[in-house]
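Enquirer: Build the 3D model from these lines:
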Amino acid sequence: IRQKEGESSDRDTNFLQEIANHKQRLNRCEAFGKMTQQLMEDAESMEDRVDEMQNYINQALVEFKLNVSKEYEQAAVDLTDIEERLGSVEEQNRMSQRTTSSLSTSINDLDNRLEKQASSLVDMEGTLRNVFMEDLIS
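Expert: This is a model prediction of the structure:
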């Protein structure tokens with residue numbers, strides 16, 4: 001009987017030990033479940049943050065493209081203005097060259113006329129001397 005009681009006691013102890021082991025496993029499983037739940041919540045929170053960051057990046061990209069587009073349009077306007085001014089300067093330069101050429105031609109014509117008039121004056125002076133000398137002699 002004692003042996004049976006000892007065996008029964010050993011079985012009870014083993015059974016209680018198994019129950020304790022199962023409780024430990026159950027507690028670890030519960031802890032693991034809580035950690036898993038917390039990790040899932042953290043993952044969802046991170047997904048939300050990733051979505052927010054993606055939205056922020058997309059919005060910043062749209063604004064950047066808009067600003068670049070505005071800058072490009074302004075640069076095109078500035079370039080057109082510069083081209084127009086350059087065309088105006090080129091036209092003024094052509095007009096100045098024509099005016100300079102015309103003035104040069106006019107100055108040459110005046111110079112030629114003055115030379116002719118000077119030559120005529122010299123000829124008239126000679127003629128007047130000859131006439132004066134003839135009058136003196138006569």
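Enquirer: Quick check: which element contains residue 75?
Expert: Per DSSP states H and E, residue 75 falls inside helix 2-137.
Enquirer: Please state the offset of that helix from the chain centre?
Expert: A distance of 0 Å separates the C-alpha centroid of helix 2-137 from that of its chain, computed with CA atoms, centre = their mean, to the nearest Å.
Enquirer: That one - what's its average pLDDT?
Expert: Over the span of helix 2-137, the pLDDT mean works out to 90.
Enquirer: Centroid-nearest residue for this structure?
Expert: When CA atoms, centre = their mean is applied to the chain, the residue found nearest the centroid is residue 68 (5.9 Å).
Enquirer: For that one, list the residues it contacts.
Expert: Taking CB atoms under 8 Å, 6 or more residues apart in numbering as the criterion, residue 68 is in contact with no other residue. Glycine gets a C-beta too; all of them are placed from N, C-alpha and C.
Enquirer: can you check residue 112 too?
Expert: Contact criterion CB under 8 Å, 6+ apart gives no residues in contact with residue 112.
Enquirer: Relative to residue 98, how far out is it?
Expert: Taking CB to CB, to the nearest Å as the measure, residue 112 falls 21 Å from residue 98.
Enquirer: If anything else comes up later, I'll come back, but that's it for now.
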